[in-house]
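J.: I'll drop the sequence and a predicted model, then ask my questions.
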Amino acid sequence: MSATTARKRLIWRRKYAGRGAATFLSVLEAFADTKLEQVESGQSIASTSTPTRSVSFFKDEDSSIDSEACLASDLLDLYDEARANLIAAGTANPSDAQIYAEGLLLLAPINVIRSDFSSCFAD
């Protein structure tokens, strides 16, 4: 199952806001790497602790881990599409802020739900 647009927008925002000095792309790639490692291991992190660095995992038998990996891939695709759109529009080297804003435009929320499409195909 694919993530909802609202969820993608939320993660897109959080990853951009929490990037610190890192580039937006590197933050998205790290997110994707984490999700891919979970798919490969078949485990999800149940808890972490410090300072001795202890991590415990649980085996996730459903497809939620794979869905998370697909979500991460979708966000990387969105980054690529947003960057390509900006370059095509004449911005030779788009900034993270520009890519972020373009990505939000591409992830437009659904504002209207129609049940009658007869007027959409009028001659």
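T.: Received it, and whenever you're ready, just let me know what you need.
J.: CA only for contacts and neighbour counts going forward, please
T.: Fine.
J.: Remind me which helix or strand residue 21 belongs to.
T.: Under the criterion DSSP states H and E, no helix or strand holds residue 21.
J.: Report how many residues lie close to it.
T.: 6 (other CA atoms under 10 Å).
J.: Show the backbone phi and psi for it.
T.: phi -80, psi -10 (degrees, to the nearest 10).
J.: Excluding sequence neighbours, find me the nearest residue to residue 73.
T.: Ranked by CA to CA, 6 or more residues apart in numbering and with sequence neighbours excluded, the top spatial neighbour of residue 73 is residue 32, at 6.5 Å.
J.: Could you give the average pLDDT over the helix or strand harbouring the one you found?
T.: Residue 32 is part of helix 24-41, with elements assigned from DSSP H and E. Mean per-residue pLDDT for helix 24-41: 83.
J.: Give me the contacts around it.
T.: For helix 24-41, the surrounding residues in contact (CA atoms under 8 Å, 6 or more residues apart in numbering) are 15-16, 19, 44, 65-66, 68-69, 72-73, 75-76, 79, 96.
J.: likewise stretch 74-94?
T.: Applying CA under 8 Å, 6+ apart, the set of residues contacting stretch 74-94 from outside is 8, 12, 25, 28, 29, 32, 98, 99, 100, 102, 103, 106.
J.: quick one: which two of those residues are the most distant?
T.: Within those, 32 and 98 form the most distant pair, 21.2 Å apart (CA to CA).
J.: Specify the angle between the lengthiest helix in the chain and helix 24-41 in degrees.
T.: Identified as the longest helix of the chain according to DSSP state H is helix 64-88. Following axes from the mean of the first three to the mean of the last three CA atoms, to 10 degrees, one obtains 150 degrees for the angle between helix 64-88 and helix 24-41.
J.: follow-up on the earlier one: name the residue in residue 32 and residue 98 with the higher neighbour count.
T.: residue 32 (21 against 15).
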